[in-house]
Structures are given as C-alpha cells and as structure tokens.
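Colleague: A predicted structure for the sequence below; I have some questions about it.
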Amino acid sequence: MSLLGSIVSKILHPFGGGDAQAKPSEANAQPSAGGSDAPASTPTSTGAPAGGPVDVEEVLNGMAAKNSQTLNWRTSIVDLMKLLDLDSSLTARKQLADELHYTGDKEDSATMNVWLHKQVIKKLEENGGKVPADLKD
C-alpha cells in the first residue's frame, strides 16, 4: 500500500474497515467507463463511509491523547506520520511527495513538508473525511 493509502486507511478506517485507496488526483483520474462527460470531481473511490464522514480531527485528537509524545499533527507532516506510527524520515516524505506529484525542490524539506501536510489534509477530505475549516487551504 502506498504511504498516502496508509495514512488515509489509518485515519478514515482505523479498525481495518476495508482496503482504503486514496482517490487519484484529478490530473491522473481515468475517464469513467462508457466515456461519459462526468466531471473530474466525480467520486472514483470508496468516498465517505456508510455511516457518514469520519471526523478527522476527532480521530487524530483521540490518537494524540493516547500517545506518549506531544505531537503537533495539525501543522506538521512529520508529527502526523509519527502519530500514525508511520516512517516519517526524509526518505519516506520524499516518497510521499512523489506519490502526490510534488514538483518543488525536495531538498527544501521545510517547503515540501508544508505542501505535503496541506495535500494530505486535502486527500483525507476527498476520501470521505470531515476536515475542520482551519486545516483547509
């Protein structure tokens, strides 16, 4: 599973509710079968769970409360990945940047990290997560 898929799965399906796949970016979305003129924003994945959208803030705050470290998941991609028990090394973040089609300088890790955090939050929302307004771009 991709890093993005792991992030989405751990937050939106924390109890293993399916093999979550993050929606592809609109630039990579495949046309629907039959060649309809559906807009690119038409859901191409599982979307929101049957019970409604998952409250991303509630899930992450709950995980943070149980974590022995003080992690600022709201602004730090490194802390978000640590909270999810994922590899947060620069190598892993560069891999995530590749998955998300980052075109900036990956050696400028501060800029890349800010971009990654914004993109991950966006992908969580696109995949059925309820994201607080203050985290949206």
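Modeller: Okay, I see it.

Colleague: which residues of this structure fall in strands?
Modeller: Applying DSSP state E to the chain gives strands spanning 54-55, 129-130.

Colleague: Could you dump those strands into TSV with mean neighbour count, distance to residue 103 and mean pLDDT added?
Modeller: Backbone N, C-alpha and C define where each C-beta goes, glycine included. Shown next, in TSV, are the strands of the chain (neighbours: other CB atoms under 10 Å; distance: least, CB to CB, whole Å; pLDDT from 0 to 100):
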stretch	mean neighbour count	distance to residue 103	mean pLDDT
strand 54-55	18	30	93
strand 129-130	18	25	94
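
Colleague: Look up how far residue 52 lies from residue 117.
Modeller: As for residue 117, its distance to residue 52 is 25 Å (criterion: CB to CB, to the nearest Å).

Colleague: which of those two has more neighbours?
Modeller: Set side by side, residue 117 and residue 52 show more neighbours around residue 117, with 20 against 9, by other CB atoms under 10 Å.

Colleague: Spatially, what comes nearest to the more buried one if we skip its sequence neighbours?
Modeller: residue 77 (4.3 Å; CB to CB, 6 or more residues apart in numbering).

Colleague: Surely that neighbour and residue 120 touch.
Modeller: Yes. Residue 77 is within contact range of residue 120, at 6.6 Å (criterion: CB atoms under 8 Å).

Colleague: more crowded one of those two?
Modeller: Using other CB under 10 Å as the criterion, residue 77 and residue 120 rank with residue 77 on top: 25 against 22.

Colleague: The residue most central in space within the chain: what's it in contact with?
Modeller: With distances taken as CA atoms, centre = their mean, residue 120 lies nearest the centre of the chain, 3.4 Å away. Neighbour list for residue 120: 4, 7, 77, 80, 96, 100 [criterion: CB atoms under 8 Å, 6 or more residues apart in numbering].
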